[in-house]
Structures are given as structure tokens and as C-alpha cells.
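S.K.: Kindly generate the corresponding structure for this input.
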Amino acid sequence: MNSDIAVPLLLSRVRRLKVPLQGPLLVALAYLLGAEAAFYIGTLSDQIFALFWPPNVVLFCALMIVPQRDWWLYIVAAFLAHVVAELGVGMPAPQLLVAFATNCMVALLNAYAVRRFVGDPPWFGNFRKASIYIVITAGIAPAVLALGGAFVPILGGGALEAYWIFWSHWYLANALPNLTLGPVFLIWFSDGARWTRWKPSRRHIEPAVLAVALVCVCIVAVAAAGRLTTTSFLPAILFLPLPLVLWAAVRFGEKGASGAILVVAVILTWATLHGRGLFPGEDPEHSVLALQLFLTGLSIPVLMLGALIDELRSAERTTRGLAASLVRAQ
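M.R.: Sure, this is the predicted structure:
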């Protein structure tokens with residue numbers, strides 16, 4: 001073949017090869033950043049087992065928006081990012097492989113089930129879709145795969161007798177991000193290119209003020225819990241952020257609900273893992289488990305409230321449109 005023809009042909013093939021790799025590379029970067037964020041939020045005494053794990057949400061959301069024939073590319077990219085992240089904290093190979101196998105399977109099961117039972121985007125916006133999403137991503141999938149994920153700390157020297165504690169931690173570490181990060185990402189992707197046209201305006205002042213207020217209230221709650229000498233006032237302190245969380249859900253629907261719960265979950269989990277938790281006198285494992293249960297129990301009704309708000313607003317817009325059409329016809 002003539003070299004003048006062969007070189008451009010080779011370059012065109014290379015360009016075509018690079019296009020499908022851009023998505024997997026972006027997912028690998030996001031997976032790695034999510035893992036580093038999880039380690040920054042905090043781990044237990046082994047410095048490996050993170051109790052709030054966003055990387056699975058990254059992979060899950062990627063699988064939700066790409067064709068199934070390309071899933072293997074994103075899984076390979078996530079595996080490479082997983083290896084880099086876990087080797088950075090000194091995780092041995094057996095734990096690393098079991099951790100990724102369970103992480104990958106929970107993302108795969110979530111993606112397949114949500115696409116099968118919720119359908120095409122938008123994946124949120126009404127009570128039915130939100131309920132199915134919660135049952136799958138915060139119930140069935142992480143609960144089943146946690147049966148394998150619980151062996152990750154056991155392979156690192158954890159006691160077999162504590163299997164169900166490890167199972168609880170692994171289950172909640174995956175369920176909670178699916179209730180907070182998952183809806184934010186999927187609603188964002190469902191909006192299409194609208195986010196690229198985002199410009200600051202006066203209507204963004206309220207969510208910004210709300211976010212700052214929520215951060216401040218969480219910090220105050222942690223500080224107050226640290227000074228408790230009795231648990232009598234603990235329920236009141238736990239629910240200090242609740243009015244702001246409900247405000248976010250009522251004003252901004254599922255976006256506001258999941259974003260508010262995310263802020264609360266990150267701040268309280270970080271504080272608990274760094275010795276300033278909401279459960280004074282408890283050991284770190286039981287303290288974090290209690291916090292995970294509390295946040296998961298809080299997230300589900302708040303997210304469903306946000307779904308109802310979005311559904312009511314959608315129905316109101318439809319009714320107004322029909323009324324306007326009727327007036328024009330008359």
C-alpha cells in the first residue's frame with residue numbers, strides 16, 4: 001500500500017479508537033476521585049474499609065447511560081482505578097479482588113435492574129420510579145452483594161464472629177450513596193445539556209444559603225453531641241438538620257432532598273470517624289453503624305417526599321398547559 005495512503009488511514013483508525021475510550025477514562029478518573037474522597041471522609045481502624053463509598057455510584061451511573069455492549073470497557077477502566085486507589089492505602093491483593101468483584105456486581109445489578117424496571121430516562125420525577133429505585137439500589141442489590149463484601153475485612157484479619165457487623169457496614173456504605181449521590185447524578189444526566197447552559201442568577205441564592213446553613217447546623221450538632229454527658233438529648237441533636245432537609249425537599253424536589261442528605265451524611269460520617277461523633281462513649285464501629293442506620297432511615301422518606309413534590313409540580317404544569325389550551329381553543 002502506498003505510504004501516502006497508509007499513514008492517513010492509520011491516523012483515522014487511531015482517532016476512531018480514541019473516541020470510545022474517552023468515556024471509560026473519564027469514569028476511571030471519577031472512580032479514583034470518589035475513592036480518595038471516601039478515604040478522606042474516613043475509614044475504620046484498618047484504614048481500608050471505607051464506610052461511605054461513592055465509586056460504586058460512579059460506575060452504576062456510567063452503566064446507566066452507555067450501551068450494554070460497552071459495559072466491559074467501563075468495568076475495566078473502573079478496575080484499573082480501583083487497583084490504584086486500594087494499593088495507595090495498602091490493601092492486599094485478595095481483599096482488593098474481592099472488594100472490586102462485589103463493587104462491580106452491585107453496580108451491574110443496580111444498572112440492569114433499574115434499566116429493566118424503571119425504564120428509560122428520566123429515572124425520577126414521580127413516586128413510582130423513586131420507590132422502585134430505592135427498593136433496588138438501597139435494598140435488594142447492596143443487601144445481596146454485601147454477603148460477599150463482608151469478607152473484605154475478614155480477609156484483612158477481622159473476626160469471623162463479626163461477619164454480620166461487617167455485612168451491615170458494607171451494605172449501608174453502598175445503600176447510602178445510592179440514596180444521595182445516585183439521584184443527583186441521574187437527574188443531572190436526565191436533564192441533558194441544560195446544565196451546560198447554567199448561569200448564576202438570583203434564584204440560586206436560596207439553595208446556596210440553604211447549603212451553607214445545613215453545613216453550619218451539622219457542625220453545631222456534632223459539637224453539641226461531643227459535650228453531652230447523657231444520651232437523653234441525643235434524639236433532639238440528631239434531628240437538628242431535619243427542618244433544613246425538609247425545606248430542601250419541599251422547595252427543590254428530589255434534587256434538593258438527595259443533595260441535603262448528602263451534605264448531612266458526609267459531615268456527620270467524617271466527624272464520627274475522626275473522633276467527634278454523635279454517639280459519645282461508643283466504639284467507632286458501633287457508633288458509625290448507628291449513624292449509617294439513622295441516615296439511611298432518614299434518606300428514604302425524604303427522597304420519596306421529594307419525588308412526590310416533583311410529581312405534583314409536573315401534574316400542576318400539565319394542568320396549566322391543558323387549561324391554557326382550552327382557553328385558546330375557546
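
S.K.: Any regions of the stretch 201-330 of the chain where pLDDT drops low?
M.R.: 201, 229-231, 275-277, 280-285 (pLDDT under 70).

S.K.: Next one, pLDDT for Asp4 please.
M.R.: Per-residue pLDDT puts Asp4 at 49.

S.K.: any idea of the mean pLDDT for stretch 134-153?
M.R.: Mean per-residue pLDDT for stretch 134-153: 91.

S.K.: ends of that stretch, how far apart?
M.R.: End-to-end span of stretch 134-153 (C-alpha to C-alpha, to the nearest Å): 27 Å.

S.K.: can you check stretch 149-159 too?
M.R.: 14 Å.

S.K.: buried set for that stretch?
M.R.: 149-156, 158 (16 or more other C-beta atoms under 10 Å). Quick note: C-beta positions are derived from backbone N, CA and C, even for glycine.

S.K.: got it, and stretch 136-152?
M.R.: 136-138, 141-143, 145-146, 148-152.

S.K.: Kindly reformat these as a markdown table containing distance to Val264 and secondary structure.
M.R.: Putting the buried residues of stretch 136-152 into a markdown table (distance: C-beta to C-beta, whole Å; DSSP: H, G, I helix; E, B strand; the rest coil) gives the following:
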| residue | distance to Val264 | secondary structure |
| --- | --- | --- |
| Ile136 | 23 | helix |
| Thr137 | 19 | helix |
| Ala138 | 16 | helix |
| Ala141 | 23 | helix |
| Pro142 | 20 | helix |
| Ala143 | 23 | helix |
| Leu145 | 25 | helix |
| Ala146 | 23 | helix |
| Gly148 | 29 | helix |
| Gly149 | 24 | helix |
| Ala150 | 26 | coil |
| Phe151 | 30 | helix |
| Val152 | 26 | helix |
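
S.K.: Any chance of TSV for the residues you listed, columns distance to Leu295?
M.R.: Shown next, in TSV, are those (distance: C-beta to C-beta, whole Å):
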residue	distance to Leu295
Ile136	19
Thr137	15
Ala138	11
Ala141	18
Pro142	14
Ala143	16
Leu145	20
Ala146	17
Gly148	23
Gly149	19
Ala150	20
Phe151	25
Val152	21
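
S.K.: which stretch of helix or strand covers the closest residue to Gly158 other than its chain neighbours?
M.R.: The shortest distance from Gly158 to any non-neighbouring residue, by C-beta to C-beta, 6 or more residues apart in numbering, is to Phe166 (6.2 Å). Following DSSP states H and E, the helix or strand that holds Phe166 is helix 163-190.

S.K.: Output the contacting helices and strands for the lengthiest helix in the chain.
M.R.: Scanning the chain for the helix with the most residues, using DSSP state H, yields helix 284-329. Helices and strands touching helix 284-329, by 3 or more C-beta pairs under 8 Å, 6 or more residues apart in numbering; DSSP states H and E, are helix 127-135, helix 163-190, helix 242-273.

S.K.: Residues contacting the first one, please?
M.R.: So that's helix 127-135. With contact meaning C-beta atoms under 8 Å, 6 or more residues apart in numbering, helix 127-135 is reached by 114, 117-118, 122-124, 179, 182-183, 254, 300, 303-304, 306-308, 311.

S.K.: can you do 7 Å?
M.R.: 114, 117-118, 123-124, 254, 300, 303-304, 307-308, 311 (C-beta atoms under 7 Å, 6 or more residues apart in numbering).

S.K.: just the buried members of the residues you listed?
M.R.: 114, 118, 123-124, 254, 300, 303-304, 307-308, 311.
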